[in-house]
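Undergrad: Need coordinates for the following:
(chains A and B)
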Amino acid sequence: DTGVSQDPRHKITKRGQNVTFRCDPISEHNRLYWYRQTLGQGPEFLTYFQNEAQLEKSRLLSDRFSAERPKGSFSTLEIQRTEQGDSAMYLCASSPIQGGYTFGSGTRLTVV
Amino acid sequence: QKEVEQNSGPLSVPEGAIASLNCTYSDRVSQSFFWYRQYSGKSPELIMSIYSNGDKEDGRFTAQLNKASQYVSLLIRDSQPSDSATYLCAPILGSSNTGKLIFGQGTTLQVKP
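TA: Numbers count the residues shown, from 1 in each chain, chains lettered A, B, ... in the order given. Presented below is the predicted three-dimensional model:
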């Protein structure tokens, strides 16, 4: 297993467009997390999956954000009607039941 | 009070010195702590975990947890220029059974040759 994979690495989109990111976690990890990070800040929690169930979603997340993890494998994060404030690094991480996360390389989103 | 607080720095140390990075936390977090290193433009990388009061050593890194004072620190001995990065303190949120980590804003370390 090569770790957590995220695709794409970079995405530039026009304001108002929809974007979708993909995350492939470490296969034996059943916990999957999405975070967002802006310059000079630590990662901010967005949502959490245990297997295929989305068990927690940040109250800071608007309805324009949705995430799925069909069959408890890969996960997608979609942002509808993007805004300039959505520009950030989107990080996916997976973990076993106990222990720290392994992060993917992230997807850098730029909304122009 | 924020759940996790770190001095953003930058903390500048000469090569070969000991770098001391500190993090304070609120009652809302659990007693499980993780330290991540993040190079500019890269994603965070786990370097240390500590779960009980006291010190834990791993190579040049030592994590220290003081529950009474509610702080956790990371010491880097014999600092190298390659240690220059942002160090993130991340405890598990105490009320969470999801293992959710709460990150501080990170301390930027600069090791000067």
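Undergrad: which ones are touching the residue of chain A found nearest chain B?
TA: Of all residues in chain A, the one sitting closest to chain B is residue A:42 (3.3 Å; CB to the nearest CB). Bear in mind the C-beta positions are built from the backbone N, C-alpha and C, glycine included. Counting by CB atoms under 8 Å, 6 or more residues apart in numbering or on different chains, residue A:42 touches B:4, B:88, B:90, B:103-106.
Undergrad: Does it belong to a helix, a strand or coil?
TA: Secondary structure state of residue A:42, per DSSP: H, G, I helix; E, B strand; the rest coil, is coil.
Undergrad: just checking, residue B:103 touches residue B:3?
TA: No - Residue B:103 lies out of contact with residue B:3 (CB atoms under 8 Å); the separation is 9.5 Å.
Undergrad: check which helix or strand covers the residue nearest the centre of chain A.
TA: Centroid-nearest residue in chain A: residue A:34, 3.5 Å away (criterion: CA atoms, centre = their mean). Assigned by DSSP states H and E, residue A:34 falls within strand A:31-37.
Undergrad: burial of residue B:51, as a residue count?
TA: Using other CB atoms under 10 Å in any protein chain shown, the number of residues around residue B:51 comes to 14.
Undergrad: residue contacts, the spatially closest residue to the residue nearest to the centre of chain A that is not a sequence neighbour?
TA: Ranked by CB to CB, 6 or more residues apart in numbering or on different chains and with sequence neighbours excluded, the top spatial neighbour of residue A:34 is residue A:46, at 4.2 Å. Residues near residue A:46 by CB under 8 Å, 6+ apart: A:33-36, A:57-58, A:61, A:65, A:67, A:77, A:90.
Undergrad: Using PyMOL, define a selection of the buried residues within the residues you listed.
TA: Buried members of these, defined by 16 or more other CB atoms under 10 Å in any protein chain shown, are picked up in PyMOL with:
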select buried, chain A and resi 33+34+35+36+58+61+65+67+77+90
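Undergrad: can you redo the contacts of residue A:46 as CSV with distance to residue B:11 and pLDDT?
TA: CSV is the format used below for those (distance: CB to CB, whole Å; pLDDT from 0 to 100):
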residue, distance to residue B:11, pLDDT
A:33, 28, 96
A:34, 30, 97
A:35, 24, 97
A:36, 26, 97
A:57, 35, 92
A:58, 30, 91
A:61, 33, 80
A:65, 35, 96
A:67, 36, 96
A:77, 33, 97
A:90, 28, 98
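Undergrad: Just put the contacts of residue A:46 in TSV and tack on distance to residue A:16.
TA: TSV is the format used below for the contacts of residue A:46 (distance: CB to CB, whole Å):
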residue	distance to residue A:16
A:33	28
A:34	22
A:35	24
A:36	19
A:57	23
A:58	23
A:61	19
A:65	15
A:67	20
A:77	18
A:90	18
